[in-house]
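> below are the sequence and a predicted model for it; my questions follow.
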Amino acid sequence: MRCPVCRNSILGPITLLDGLPARQCPNCQGVSISSNVYLTWKKTLGREFPPKEGAIEIDPSWEVKELKLCPDCGHIMARYKIFPDTSFYIDRCRNCNGIWLDHNEWDVLIDRNLHDNLNEFFVRPWQDNLRAAETRNHLEQIYLEKLGADDYENVRKVRAWLKDHPMRGMLLAFLEADDPYRI
Ligand SMILES: [Zn+2]
Ligand SMILES: [Zn+2]
């Protein structure tokens with residue numbers, strides 16, 4: 001079984017965690033995890049690790065961009081972004097669901113207690129939340145840039161004040177009217 005990054009290196013067996021065997025490339029340190037093995041391990045866990053902040057900064061230079069072929073079945077692997085606005089991608093085979101982690105990626109997942117969430121990264125809720133977070137960050141950037149920090153802060157306060165205000169309609173009309181003292 002060859003490394004999908006180095007091509008010529010042969011993956012060797014390792015144990016990622018108790019009861020979680022995988023295969024690792026001796027050259028680039030990338031790790032291949034079989035979907036069935038992972039899910040079996042996850043079932044034995046008995047508890048969820050609550051996600052946490054983590055201390056490891058994601059370094060964009062870790063990212064291996066080239067297309068990878070699944071070491072198990074040879075299909076082209078799909079890249080899934082895992083965190084908003086980062087170049088942290090995990091490769092996954094859509095044919096056999098095998099997962100490839102580049103060097104450092106497993107450490108980042110452990111650091112954030114996400115190593116028991118691997119199977120959630122590739123489905124709708126995770127990917128939808130990720131896209132929503134990126135949109136939010138993007139719009140926030142635009143507001144900040146166009147409005148400036150002070151006005152943006154002010155308008156956010158006004159918005160929060162208006163949100164559930166019982167006289168919201170009248171307040172909005174008052175604000176928008178050319179002259180609120182004329183009918
Ligand atoms: Zn390799
Ligand atoms: Zn595969």
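Noted; the coordinates are in hand. Not measured: the values here are computed from a predicted model. Ligands and ions are numbered 1, 2, ... in the order given.

> near ligand 1, which residues of this protein show up?
C3, V5, C6, S9, C25, N27, C28, G30 (C-beta under 5 Å from the ion). Glycine gets a C-beta too; all of them are placed from N, C-alpha and C.

> in contact with C3, which residues?
Neighbouring residues of C3 by C-beta atoms under 8 Å, 6 or more residues apart in numbering: S9, I10, L11, C25, N27, C28, G30, P71.

> give me the longest helix you can find in the chain.
helix 124-147 (DSSP state H).

> packing partners of that helix?
strand 77-81, helix 149-163 (3 or more C-beta pairs under 8 Å, 6 or more residues apart in numbering; DSSP states H and E).

> determine which two of the contacts of C3 are furthest apart.
Spatially, the most separated pair among the contacts of C3 is N27 and P71, at 13.3 Å (C-beta to C-beta).

> between the two, tell me which one has more neighbours.
P71 (23 against 15; other C-beta atoms under 10 Å).

> quick one on the thing from earlier: so can I have TSV of the helices and strands packed on helix 124-147 showing mean pLDDT?
Output for those, formatted as TSV (pLDDT from 0 to 100):
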stretch	mean pLDDT
strand 77-81	95
helix 149-163	96
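
> separation between Q127 and W100?
18 Å (C-beta to C-beta, to the nearest Å).

> those two: who's more crowded?
Neighbour comparison, Q127 and W100: the larger count goes to W100, with 25 against 15 (by other C-beta under 10 Å).

> next, the contact list for that one, please.
4, 30-33, 68, 70-71, 77, 90-93.

> helix or strand for it, just tell me which one.
Take DSSP states H and E as the rule and W100 turns out to sit in strand 99-101.
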